[in-house]
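Novice: the following block contains a protein sequence and its predicted model.
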Amino acid sequence: MDNNVMLEIRHYSKSYGTGKKAADDVNLSVMSGDIYGFIGHNGAGKSTTIRAIVGVLDFTEGEIYIDGHSVKEDSMACKRVTAYIPDNPDLYENLTGIQYLNFIADVFGITASEREKSIRKYADLFEITDVLGNLISSYSHGMKQKVAIISALIHKPKLLVLDEPFVGLDPKATFTLKEIMHDMCKEGTAIFFSTHVLDVAEKLCNKVAIIRHGKIIASGTMEELTEGHSLEEAFLEVDSNEK
Amino acid sequence: MKNSILLLKTLLLSTSRMNIYKHSTDKKKRRKIVGNMIGVVCLYVMVMVYSIAMCVGYGQYGMIGAAPVMCALIISALAFVFTIFKTNGYLFNFKEYDMLMALPFEAGNIAACKFLYMYVNSLPWYLSISVAMMVGYGIFAGPALVIYPVWMILSLFLPVIPMLAAAFLGFLIAKVSAGFKKTNIIQTILTLVFIIFCFSLRFIIDDLFRNNKVQATLESASEMTENAADIYLPAGWFASAVTKNNILAILLLAGVSAVLFMVVFSIMGRSYRRINSALKSHAEAGKYHMSGQKQRSVVNAVAFKEFKRLTGSTAYMVNGGMGVVLAMLIGVLTLIIGPDRIIQMITQGAPLSAKMLQPAIPFIIYFFIGMVATTACSPSLEGKNYWIIQSLPIEKKTVYQGKMLFNMYLTVPFMFLSTLCLCIAGKVPLLDTILYLILGLALCAFSTAWGCVCGIKHIRLDWENEIEVIKQSAAVAIYMLPNMFVVMGLTVLVVFLGTKMDFKLLTLLLILIASVLALLSYRRVLGIVRK
């Protein structure tokens, strides 16, 4: 396996009791420094694939490797280098923001000085430093999302997996997150995220995969996929060809 | 290990009322927390008083020697039953599963921490019983001082084995259910079947002893306790450790608890992800065709929503449906086996006849049916979905009427059927049967409305896990415990009054009282929602 491959999905399939496949022979690779967009309709299989990547969902067919480690066989090694932000983060509502961030920092063994620096940096960027002492239950959806994002960034993951990360964020926070993603990508972090916002994907990603009914129907670099058109046009064309 | 302690600490902190109190700026919320804490302390005191009273009874009949075994058996039975009810929701299918599984925790460690969280949360209840019985034992038996620290330390181990057994069974049920399409329904049915089996086990064991000609007297209670300790060894180890200072028994109780803990979570860890994946993932059938839709009244629409909420959660279904299932079971069993045999089995051969118990039929049924009122937990269960109802153009009164209507839909048919079974089995005259059905109806109405009062007064929307609402909320405790104790007392009182006055007159009087209480509770609901 190429040393730069941070996420490798090989022939991954996930089916339910009904026999219906939520993911069908999915193959893709995300390299260090990639910002990889994962787009598709609602129910296309994006979240199912993402949840399998981060070790939440069990799967029987195929293999997923993170930083060379198998998610099935060595899930702990995979989780240590990965950060995941779900589409609707279920945080511990009765902890304060800072208590939650300290919990995550403790799990990853981040030193006190290092975590203080990271939390201060990102909390300032997202403008939530002053409310970190409040209970998460008192936060708005966007504030919870910001806490979840900070918790994913404080241990400097090699692979960042995000499920619809821009939902609920205000325009400034969306801009900040995009900037952070660019910076992380420059430092060699691989970013894999699902989105419905094709404009964002087009401006942010260097690679894209389109999933439909659990199958990858197109993937590659942004240039290969769009061929001079917009991503929206490319998406609609590929999607209509598959119908 | 370090991460497991960290996770356990965080789980406890995330549901700690003290943490909310410390960091919340909402004065009303803080006052509510203090009120809840006082309420919970009152309940601990109630449990302690009840446990000491039991020891006094034992002491006065010269049977205090049986107190340690009895203490161990009571704690073990409670720990087992409560854990079975809580396994789904705490160990499996919990809200923050995705967040925890994506962090570098071993699956088995997450399950173990969730179990320990359950253990730590329920420990004060078990310690209330244990400490009270230790004091009672100390007063009547006057044991050596060394007994007290041994008793206290072993009390910490007492609930572990039954809790592990219940958790493991919950795991097996979840594992079997995970293989089916309708995981929720299969899991609920299996859990209910298993709980019913556990309840019947006591009678099966009693019956075995009875066949061994053990006398059905007070002495036999002590003897049966000893017999039970022979079957359930940890209770015997506990008794032997605190009465004979048996070091081997101490080591056995502590050692077996520790080894079982490791074995259970090592096994559970292997299929934890697969089971949770199955429980949390639902395939989209995609076969729906738009057909004739039904229009319901607003109250019925809310009641239907409540029905879907109940059937959508195994934990809610098991807890909410347990009472009606047990009531039906008692009814059908009485019809099949006969009332006298059932009375013999339950009362250990006390001199009671079916005729004497006749006026208590509605209370016997209500004891089970009124055990849980969905109205006590449904306001809190709205949780994050609270906004849906709040933002709709429905009066609050209508919302709670809908919730109450659903509880009536759930309880009344079962109350009617089980009461009819008992009346037919006991050859109760027709007029009396009708009166009992009316009394049952009034009791259901009272339970529904009173549950709703508790549910609204102690509404808590910021829960982490629905089990906190269904099993551990102040609303449910305040509704359930006094209700159960009062019904037990009323059953005895009604049997006594039945020997002094006409059954029909007595039932009419009870219908009047229950109806007035139901009406007052209903008016209270309307009063609270108007504010």
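Specialist: Yes, it's here.
Novice: pretty sure B:M99 contacts A:I85?
Specialist: No: contact criterion Cβ atoms under 8 Å: B:M99 and A:I85 do not qualify, at 9.8 Å. To be clear about C-beta, it is placed using only N, CA and C from the backbone, and glycine gets the same treatment.
Novice: pull the longest helix from chain A.
Specialist: helix A:171-186 (DSSP state H).
Novice: what's that helix in contact with?
Specialist: With contacts defined as Cβ atoms under 8 Å, 6 or more residues apart in numbering or on different chains, helix A:171-186 is touched by A:33-35, A:122, A:125-127, A:142, A:145-146, A:149, A:153, A:160, A:165-166, A:169, A:191, A:200, A:203-204.
Novice: one more time with 10 Å, if that's ok
Specialist: A:32-35, A:85, A:121-122, A:125-128, A:142-143, A:145-146, A:149-150, A:153, A:156-158, A:160, A:162, A:165-170, A:189-191, A:193, A:197, A:200, A:203-206 (Cβ atoms under 10 Å, 6 or more residues apart in numbering or on different chains).
Novice: and the host helix or strand of A:A234 with chain B, contact?
Specialist: Assigned by DSSP states H and E, A:A234 belongs to helix A:231-242. No: on the criterion Cβ under 10 Å from any Cβ of the partner chain, helix A:231-242 is out of touch with chain B, staying 16.6 Å away.
Novice: enumerate the positions of that helix that are buried.
Specialist: A:231, A:234-235, A:239 (16 or more other Cβ atoms under 10 Å in any protein chain shown).
Novice: looking at the residues you listed, spot the one nearest chain B.
Specialist: A:D239 (17.6 Å; Cβ to the nearest Cβ).
Novice: find the nearest non-adjacent residue to that closest one, please.
Specialist: Counting by Cβ to Cβ, 6 or more residues apart in numbering or on different chains, A:D239 lies nearest to A:R212, which is 6.4 Å off, once chain neighbours are set aside.
Novice: what is the neighbour count of the one you found?
Specialist: Using other Cβ atoms under 10 Å in any protein chain shown, A:R212 has 18 neighbouring residues.
Novice: confidence score at it?
Specialist: Note on A:R212: pLDDT of 89.
Novice: contact partners for it?
Specialist: Shown in contact with A:R212 (Cβ under 10 Å, 6+ apart): A:24, A:39-41, A:44-45, A:218, A:238-239, A:242-243.
Novice: any stretches of chain A with poor pLDDT?
Specialist: Applying pLDDT under 70 to chain A flags residues A:1-3, A:17-19, A:242-243.
Novice: for it, which segments count as strands?
Specialist: Applying DSSP state E to chain A gives strands spanning A:5-15, A:21-31, A:35-40, A:61-66, A:69-70, A:82-85, A:159-163, A:190-195, A:207-212, A:215-221.
Novice: coming back round to it: the longest helix of chain A: how far from the chain's middle?
Specialist: Distance, stretch centre to chain centre, for helix A:171-186: 13 Å (Cα atoms, centre = their mean, to the nearest Å).
Novice: now B:A178. Nearest residue, chain neighbours left out?
Specialist: Nearest non-adjacent residue to B:A178, counting by Cβ to Cβ, 6+ apart: B:A278, 3.6 Å away.
Novice: pLDDT at the residue most central in space within chain B, what is it?
Specialist: Among the residues of chain B, the one closest to the centroid is B:F82, at 6.1 Å (Cα atoms, centre = their mean). Listed pLDDT for B:F82 reads 85.
Novice: name the helix or strand for it, please.
Specialist: In this assignment (DSSP H and E), B:F82 forms part of helix B:67-90.
Novice: just checking, next helix/strand downstream of that helix?
Specialist: Heading C-terminal from helix B:67-90 (DSSP H and E), you reach helix B:97-101.
Novice: picking up where we left off before, how much space between the residue nearest to the centre of chain B and B:Y409?
Specialist: Separation of B:F82 from B:Y409 (Cβ to Cβ, to the nearest Å) stands at 27 Å.
Novice: where do the domain boundaries of chain B fall?
Specialist: B:50-201+B:212-281, B:299-530 (automatic domain parsing).
Novice: flag the shaky bits of chain B, pLDDT-wise.
Specialist: Ranges of chain B meeting pLDDT under 70: B:179, B:181-184, B:198-226, B:229, B:281-288, B:345-352.
Novice: which residue does the stretch 301-450 of chain B bring closest to chain A?
Specialist: Closest point on the stretch 301-450 of chain B to chain A, by Cβ to the nearest Cβ, is B:K384, at 9.1 Å.
Novice: so that residue touches A:E93, yeah?
Specialist: Yes: if you go by Cβ atoms under 10 Å, B:K384 and A:E93 touch, sitting 9.1 Å apart.
Novice: chain A contacts on the stretch 401-531 of chain B?
Specialist: Looking at chain A, the residues of the stretch 401-531 of chain B close enough under Cβ under 10 Å from any Cβ are B:461-464.
Novice: residues touching residue 100, list them.
Specialist: In the absence of a named chain, chain A is used. Per Cβ under 10 Å, 6+ apart, neighbours of A:Y100: A:91-94, A:132, A:135-136, A:144, A:147-148, A:150-151, B:10, B:13-14, B:99.
Novice: ah, no, chain B please
Specialist: So B:L100 contacts A:56, A:90, A:107, B:7, B:10-11, B:94, B:107, B:109-110, B:113-114 (Cβ under 10 Å, 6+ apart).
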